[in-house]
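**Student:** Structure for the following, please:
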Amino acid sequence: QVQVVESGGGLVQAGGSLRLSCAASGNIFNIHHMGWYRQAPGNQRELVASINSGGSTDYADSVKGRFTFSRDKGKNTAYLQMSSLKPEDTAVYYCKAGFTYYSGSWLKTADSWGQGTQVTVSS
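**Tutor:** Sure thing, here's the model as predicted:
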């Protein structure tokens, strides 16, 4: 089993910064991609940023230039540095890890989601 745990959310004023962390642990052979998603009340969950095993990142247009996604492979941990926050960034932020794991002698792939962390940006 694999656990994904987010942390670092909170309340911040517009223009402020927060850093979210995502830690994956358990039966993991390799994490091949990670992603940060967010969901505001009444909205669908949307992809905010992603990173692949080579370290390449991709961002939603709404956060480009403000958010930075980084990863510590050795710790199976990823970070989302959020700057110049806006009230419209308010949402629950979720981390997803795509990974391979051993099941017996077989390598399999799966995704695992965290429980989410609340980010609230006041105007």
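**Student:** would you list every one of the strands in the protein?
**Tutor:** Remark: strands assigned in the chain by DSSP state E are 2-7, 10-13, 18-26, 30-39, 46-52, 57-59, 67-72, 77-82, 91-103, 106-113, 117-122.
**Student:** So which elements touch the shortest one?
**Tutor:** Right, the one you point to is strand 57-59. strand 46-52, strand 67-72 (3 or more Cβ pairs under 8 Å, 6 or more residues apart in numbering; DSSP states H and E). All C-beta atoms are positioned from the backbone trio N, CA, C, and that covers glycine.
**Student:** Need the per-residue pLDDT for the residue nearest in space to the middle of the chain.
**Tutor:** For the chain, residue 36 is the residue whose C-alpha lies nearest the centre (Cα atoms, centre = their mean; 2.9 Å). Listed pLDDT for residue 36 reads 97.
**Student:** That one contacts residue 20, correct?
**Tutor:** Yes. Assessed by Cβ atoms under 8 Å, residue 36 is found in contact with residue 20 at 7.0 Å.
**Student:** overlap in contacts of the two?
**Tutor:** 80, 93, 95 (Cβ atoms under 8 Å, 6 or more residues apart in numbering).
**Student:** Test my guess that residue 111 contacts residue 97.
**Tutor:** Yes. The criterion here is Cβ under 8 Å, and residue 111 meets it with residue 97 at 6.9 Å.
**Student:** Neighbour count: these two, which is higher?
**Tutor:** Comparing residue 111 with residue 97 by other Cβ atoms under 10 Å, the one with more neighbours is residue 97, at 25 against 12.
**Student:** Give me the spatial nearest neighbour of the more buried one, chain neighbours excluded.
**Tutor:** Nearest residue to residue 97, sequence neighbours excluded (Cβ to Cβ, 6 or more residues apart in numbering): residue 24, at 4.5 Å.
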